[in-house]
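> build me a model from this:
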Amino acid sequence: MSFEDLLKELQGQKDVQEDPSHISLETLFHESFMSKHSSFNSFDAFLEKGNFQVKTREDIKDIPDEFFDRHVARETDFPNWQTMLDTATSEYSSK
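Residues are numbered from 1 along each chain as shown. Here you go, the predicted model:
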């Protein structure tokens, strides 16, 4: 965070857009998003169902695409991980 951003935040004037690539997975895949697109209330529950140990986006990149895509297709209304990620990012950005 730059000094200017910190100053704005401390002054209650923060209106700087966050970079979607640096948003936490919990924020991006919030409860209402997960409930709308899957039978899960949280991203953690979704990951647990697939036996995936994920804390960061880098952890997801370490999962073979075919395994994660298959889990996404089976447990959500998205055909693959990239579509799910793109939709969540788009919805977050439009807020």
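> start and end of stretch 28-42, how far apart?
End-to-end distance for stretch 28-42, by CA to CA, to the nearest Å: 11 Å.
> now that stretch: how far from the chain's centre is it?
Using CA atoms, centre = their mean, to the nearest Å, the mean C-alpha position of stretch 28-42 is found 10 Å from that of the whole chain.
> residues touching it, excluding its own?
Applying CB atoms under 8 Å, 6 or more residues apart in numbering, the contact partners of stretch 28-42 are 20, 26, 43, 45-46, 49, 75-78, 84-85, 87-89, 91-92. Just so you know, the C-beta spots here come from the backbone N, C-alpha and C atoms, and that holds for glycine as well.
> let's see that with 6 Å instead.
If you take CB atoms under 6 Å, 6 or more residues apart in numbering as the criterion, stretch 28-42 is touched by 43, 46, 75, 76, 77, 88, 92.
> stretch 63-83 now?
With contact meaning CB under 6 Å, 6+ apart, stretch 63-83 is reached by 37, 38, 50, 84.
> which members of those are the farthest-apart pair?
37 and 50 (15.1 Å; CB to CB).
> specify which residue of those two has the higher count of neighbours.
The residue with more neighbours, out of residue 37 and residue 50, is residue 37; 18 against 15, by other CB atoms under 10 Å.
> can you pull the phi/psi pair for that one?
phi -110, psi 0 (degrees, to the nearest 10).
> what ranges does this structure have for its helices?
Taking DSSP state H, the helices of the chain run over residues 3-10, 25-28, 31-37, 43-49, 57-61, 65-75, 81-93.
> list the buried residues in the third one.
Spelled out, it's helix 31-37. The neighbour-count check on helix 31-37 (16 or more other CB atoms under 10 Å) flags 33, 34, 37 as buried.
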